[in-house]
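1. Task: produce atomic coordinates for the following.
(4 chains)
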Amino acid sequence: MELTGTHTLPASAQKIWDMLMTPDILAKVTPGISRLELENEGVYKAVAEVKIGPVSGKFEGKAMVENPVAPESFTLKVLQNSKIGNVAADIHMKLKAINDSETELSFEGKADMSGLLARTGNRVMSGVANTLTKQFFKNFEDELAAQ
Amino acid sequence: MPKITVTVNGTSHTSEVEGRLLLVHYLRDTLHLTGTHVGCDTSSCGACTIHLDGKAVKSCSMLAAQADGSTITTIEGLATGNELHPLQEGFKEEHGLQCGFCTPGMIMCAADLLSHNPNPSEQEIREGLEGNICRCTGYHNIVRAIQYAANKSLVVSE
Amino acid sequence: MSNKFIGKSVKRVEDKRFITGRGRYTDDIVLPGMTYAYILRSPYAHARIKSIDTSAAEAMEGVVTIMTGEEVGHYGVPCGWQVNFKNGDTMKEPPHPLLVKDKVRHVGDAVAMVVAESRELAQDAAEAIMIDYEVLPAVIDASKAVEEGAPLVHDDVPNNICFDWEIGNPKEEVDAALASASHITTLEFVNQRLAPNAMEPRSYIGQYDNVYDKYTLYTSTQNPHLIRLLMCAFVLGLPEHKVRVVGPDVGGGFGSKIYHYTEEALVTLASKKIGRPVKWTETRSEAFLTDAHGRDHVTKAEMGFDADGKIVGLRIKTFANLGAYLSTFSTAVPTYLHGTLLQGLYTTPKIHLDMTCVFTNTTAVDAYRGAGRPEATYLLERLLDLSALEMGVDPTELRLKNFIPAFDGVTQPGYQTNVALQYDSGNYHGVLQRGLEMLGYEDFRKAQAEAAKTNKLLGVGFSTYIEACGIAPSAVVGSLGARAGLYEVGQVRVQPTGKVSVFTGAHSHGQGHETTFAQVVADRLGIPMEDVDIIHGDSDTVAFGMGTYGSRSLAVGGSAIVKSLDKIIEKGAKIAAHKLECSVDDIEFIDGKFNVKGTDKSLGFGDIALTAYVPHVYPANLEPGLDFSSFYDPTNFTYPFGCHIAVVEVDKETGTTKIKRFIAVDDVGNVINPMIVDGQIHGGLAQGIGQALFEGVEYDENGQIINASYMDYTMPRADDFPMFELDRQVTPCPHNPLGVKGAGEAGCIGSTPAVTNAVIDALWSAGHKVKDIRMPLTSERVWRAMQS
Amino acid sequence: MIPSSVDYTRASSVTEAIQLLTDNPDAKILAGGHSLIPAMKLRLNAPSLLIDIARIPELRFISDEGDKVVIGAASTHHDIISNEAVQDMRAMVEAGELIGDTQVRNMGTLGGSIAHADPSADWPAVLLVLGASIQVQGPNGERFIAANEFFLGFFMTGLDEGEIVTAIHIPKLAEGQQTAYRKFMQPASRFAIVGCGASVTVQDGQITDAKVAFTGVSDAAFLDEGVTDALIGQPANLETIEAAANAAAEGDIHINEDHFASQAYRKHLAKVYAKRALAGACGLE
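-> This next block holds a predicted model:
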């Protein structure tokens, strides 16, 4: 499943960077992650509950922030396991300051699925990707608005 | 556990069933009516087709509990005594089956078709079988078997 | 012998139980104390197992036992056919364990088996088993698997090559022939991977009886004896006489139920371990991952023609994907069942096939309806139609010009090909000409020209195929690497009252043996069909057998029965001569009566049967009883052939193809039951057309099958087809007593290229000069071909 | 395949169903079950409780109320397409006949289908062009949601937590209004790759009103205003239709893709099927 998205957020790059590096906020804005617990530097234990249409599942796994270049880019790696299949996502995040109060946040990556998810999900995968992307940016905007 | 009462092929059964028990497993495992088959797990192949209150449904895609209070006919209940249903006869006369695994579902689905369209065209028969998969016959003789049954029933009813 | 039944469309004896829901498939069988198995499978195509923790699952209610690779990983299933490298080295044959303990090699590889009191509890417990995997890179495509640096499926198989192989004329001769050609047609294509999809999912019950120390395995198989032999001799080392294998009603096979699967041995082992019967029935989702797939060739083929349109040479390079493990017949399919058919119906003087067979992180590939022969036919027949388009000649004239002339194999010798086989008898011009009459070729071309101006293009595609069936002479297949003989066994037991029980090693799973074989027996003995019972599928009742595949049941199994019938009649004549007080030479057996020639003295078959068992007035030195068993080993393959013609309509706006007409003229030798033969052809056509237009297993780059259910794998449905138009030509097989050739695979072999050819023809009619569209020819692929 | 353990209860009234749903947040409403049960069998979903509403009498009816037809949520697809009251709404009948197969149409329900909001389901495109209104009931009482505010996204509807669909209200056709539904099916599942509902009102040869909606193309069924803008005020002929259909599925929308149809191909099919549905509605096929 290919994951790409670009969106302009009304905040400075530093602010967005700080938010992304805050586990609670990262957990809040990232669809499918409900809790992140820091295990050690850059490695989180991730708990997720996903409910999309007919599918609902509880995932447990790891999220890792790799190659951070503040406040420009990092790679988010997510490895999630569940009864219905496992997901390994590798997402490269980029922040581009437009001005002091606007930043273009973009990401590019893919999620590899195994198990039932891979075998039965083809019909809806592109919809899932698009929905997750939309949720991510919407969550981010909501979070910004709340701050 | 839900308690259900169903009438299957004219006989009433009352059973306690697990909520998750599929109707097809109730028929096969509890009532030992093994003519209804399981060919897939996505509600696609139609091998498990039975009649629920007179209409063809896929018994693998519903729970036994959902059938509480219903009247069910399976392939075992289609013939009248030793007299075959015209569709059963048609499948034999026109060689509408080979391995026989999809056959009960095919016959039950065709019976639903003929119940509201007693004289279907070839195209209507083919479209009427869209929920049933056969791997052996190429459907050619299944279509002819249903035409046979339709013709026979029309002659009888005239 | 009378001909009351042979050649007649006798209605099937077996139908009554199926149409009334009384068929008895393995999953219908319930044994006292039965438990249920669930197999936990790898979600990854390639991964190292770091740890398996079954403790939580073991503690769950209703769990009887859990087995892992630690316990049974040293047992593995064998390959039944040895092929050697070009240089003579033995093929690579890595083990295929019942349960994996170190490294999983495809999605669906079995890791643990839970046995519990119910299906539900077994599945619940399997979910509680924790496995820690280290995911490894996977390799899916056969042609990429051989590249340097590709992940290794088996650590000790370099470049993932199981073996390389060649057949035909020396390569230099073919190169020279092509160098001299005035036109060369080059075609690079993929013969895609197919899921066999017999409607009955595989199902096994293991039952161990500790009183008699005897094992019974109920299995949805095409060959119970072969399973017993393999399981006893090569897998578990069980004493064969203490093992009974039963193949009850089986819901279709199409090849996929020939093989000895790991689960058959697993339920057998588990039943011994727990002392209770163990049933395992796969789900459809599992079937997509574990039933051996078919085809999967990546090919480049070149066919050269001289200026007159005569074929001068054929050169082929193919990579065949064998999957992660060697299935029972997998190595024979791309080689002896494929390379040997590349002569087709043509006089091609120089042929060379270079074949590389490769391991990948995918489900095992083995014979699927047609097995090797569809691949050869697709290659040849696509080349013929494409060459005609490229050279601007008519595809039927091109064929007629290159056909092998007719020969009957009796007064004329068989035809020796350049690829090892000798065809038995054939009249290839006949089937094509009949097909063209049925088509109304001239009118079609006019209609096509009109259609080219509209949004609904018309196309016609031809395919004139040959196959090798009725496998086969044991000595020949043995010299080619088969690790078993390929004869068949037929026993005829005449009961004292004249009723006849026939035991055959062929197995019926839809082919109608109970009817066709009874027709042969009834006619040979001159008795009613009701007096004949055909018994198959149980190793305790049937002496031995090699099973049903390769369109061999009647040609080989039927011939074995005929041999026994001949012995029955011969012995009956001796008894009759004694009772009628004449010389045995004066006895003739006609219509169920032993007559003294030229007199009205006669004894019925029933009288003789009774005398054989109540031998009070009986020849001296003759054993009582009337019961004979025969082994029949054919002297050659049989070679059915035919002409298939597809007429398609292609929607220019969407690329969707609709089959408008399908004409099949097949020559399968003599026909015992035309209704059943037609039915076999119909079913084969649907599968062959299915390959062309609908079906194909799709892997993603990680080795996940992305269409592993009927929601995504397109199975042909009733509304995908018109009524098929069939006709027949009869060129008897000269070397078996029934003159039959076999009809089980013909439809599936001939039809696929006809459909692709028809779509290509439709596109050329509108100026889109495409060479190939990858199968299945989905709407999008055809639409894209029209955009370029 | 067998679902995970689950409790089952049959609600006898809508009020009871809502109460049960409120009391059991992890519960799922079961109508025909033809989307839910297959998902549960694959264990893609494991609710603790199923609340069966299929036999609630007040949910299974089809009535002609003069200016509209009202369909109870538990009416099966078969109930609908065989009912006299909807026969002149051709899009309704044409779409219904293309849902699943005979067996699915005998069990699957209109309410279940729209509440599930599969992005490829057939009904949403039809309800959008017919201007339907969805009647829903929840802990806070009853309300109506217009179809174009109901299908919000990927398996996402305007239903709030604890609400269930009780009925669908469809206005009767206006004078000169005709509808059609055309579908390009995914060949295996027979879900829509592109499903197009069209409604065209023609007066004196001029198109006075038009609606075109797609299912299968994007996250949710949607009204394609790009197409309709190019129709209104134009003569009802094939030239108009072709030109308008070319505007289909353009603009800022996400186009789905899967191994049967890429985005480019889906977009192309949307234009072809817009043309076919519009031509069907105008009687110009």
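2. From now on I want contacts and neighbour counts done on CA atoms only, so please keep to that.
-> OK.
3. And for stretch C:578-595, what's in contact with it?
-> Applying CA atoms under 8 Å, 6 or more residues apart in numbering or on different chains, the contact partners of stretch C:578-595 are C:1-2, C:523, C:525-527, C:569, C:572-574, C:576-577, C:596-597, C:601-605, C:617-619.
4. Write the PyMOL selection for whichever of those residues are buried.
-> Buried residues among these (16 or more other CA atoms under 10 Å in any protein chain shown), as a PyMOL selection:
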select buried, chain C and resi 523+525+526+527+569+572+573+574+576+577+596+602+603+604+605+618+619
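5. What about the contacts of stretch C:578-595, which are in strands?
-> Among those, DSSP state E puts C:596, C:602, C:603, C:604 in strands.
6. Just give me the closest of those to residue C:268.
-> Proximity of those to residue C:268, judged by CA to CA, is greatest for residue C:604, which lies at 48.0 Å.
7. thought residue A:68 was touching residue A:75?
-> Yes - between residue A:68 and residue A:75 there is a contact at 7.1 Å, judged by CA atoms under 8 Å.
8. quick one, which of those two is more surrounded?
-> Ranked by neighbour count (other CA atoms under 10 Å in any protein chain shown), residue A:68 and residue A:75 place residue A:75 first, with 19 against 15.
9. isn't the more buried one right up against residue A:65?
-> Yes - in this structure, residue A:75 is within contact of residue A:65 by CA under 8 Å, at 5.8 Å.
10. which other residues reach stretch A:122-130?
-> A:1-3, A:52, C:706-707, C:712, D:154, D:218-219, D:254, D:256-259.
11. Ok, stretch D:74-86 next?
-> D:31-32, D:53-56, D:59-64, D:69, D:71, D:87, D:92-93, D:96-97, D:99, D:105-112, D:166.
12. Please report how far residue D:222 lies from residue C:781.
-> Computed as CA to CA, to the nearest Å, the residue D:222 to residue C:781 distance reads 27 Å.
13. More neighbours: the two, which one.
-> Regarding residue D:222 and residue C:781, a neighbour count based on other CA under 10 Å identifies residue D:222 as having more, with 27 against 20.
14. How many residues are close by the closest residue in space to residue A:10 that isn't next to it in sequence?
-> What sits nearest to residue A:10 in space, not counting adjacent residues and going by CA to CA, 6 or more residues apart in numbering or on different chains, is residue A:102, at 4.6 Å. As a burial measure, the neighbour count of residue A:102 was computed by other CA under 10 Å and equals 16.
15. Show the average pLDDT along stretch C:545-565.
-> The average pLDDT within stretch C:545-565 is 92.
16. these two touch, right, residue C:77 and residue C:97?
-> Yes - assessed by CA under 8 Å, residue C:77 is found in contact with residue C:97 at 6.6 Å.
17. Compare neighbour counts for these two and give me the winner.
-> Relative neighbour count places residue C:77 above the other of residue C:77 and residue C:97, with 25 against 21, counting by other CA under 10 Å.
18. tell me the contacts of that one?
-> Contact analysis of residue C:77 by CA under 8 Å, 6+ apart lists C:95, C:96, C:97, C:98, C:230, C:231, C:234, C:235, C:260, C:261, C:262.
19. Give me the phi and psi angles of the last one.
-> The phi/psi pair for residue C:262 (degrees, to the nearest 10) reads phi -60, psi -40.
20. Same question for the one 4 residues further on.
-> In terms of degrees, to the nearest 10, the main-chain angles of residue C:266 are phi -60, psi -50.
21. What residues does the stretch 101-250 of chain C have near chain B?
-> Proximity of the stretch 101-250 of chain C to chain B is confined to C:197, C:198, C:199, C:200, C:201, C:249, C:250 under the rule CA under 8 Å from any CA of the partner chain.
22. so which pair among these is furthest apart in space?
-> C:197 and C:249 (16.5 Å).
23. re the thing from before, would JSON lines of the ones in strands among the contacts of stretch C:578-595 with distance to chain D and pLDDT be doable?
-> As requested, the ones in strands among the contacts of stretch C:578-595 are arranged in JSON lines below (distance: CA to the nearest CA, whole Å; pLDDT from 0 to 100):
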{"residue": "C:596", "distance to chain D": "65", "pLDDT": "97"}
{"residue": "C:602", "distance to chain D": "62", "pLDDT": "96"}
{"residue": "C:603", "distance to chain D": "59", "pLDDT": "97"}
{"residue": "C:604", "distance to chain D": "56", "pLDDT": "96"}
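24. Leaving out sequence neighbours, find the closest residue to whichever residue of chain B sits closest to chain A.
-> Closest approach of chain B to chain A (CA to the nearest CA) occurs at residue B:42, with a separation of 9.7 Å. Ranked by CA to CA, 6+ apart and with sequence neighbours excluded, the top spatial neighbour of residue B:42 is residue D:38, at 5.6 Å.
25. and if you look at residue A:74?
-> Across the structure, with CA to CA, 6+ apart as the measure, the residue nearest residue A:74 apart from its sequence neighbours is residue A:68 (4.3 Å).
26. Please confirm that that neighbour is located within a strand.
-> Yes - judged by DSSP: H, G, I helix; E, B strand; the rest coil, residue A:68 forms part of a strand.
27. For residue C:515, see how far away it is.
-> When CA to CA is applied, the distance between residue A:68 and residue C:515 equals 74 Å.
28. Whatever residue of chain B ends up closest to chain D is in what secondary structure piece?
-> Nearest residue of chain B to chain D (CA to the nearest CA) works out as residue B:57 at 4.3 Å. Under the assignment given by DSSP states H and E, the secondary-structure element containing residue B:57 is strand B:55-58.
29. Go ahead and confirm residue B:8 touches residue B:72.
-> Yes - with the criterion set as CA under 8 Å, residue B:8 and residue B:72 qualify as a contacting pair; they are 4.7 Å apart.
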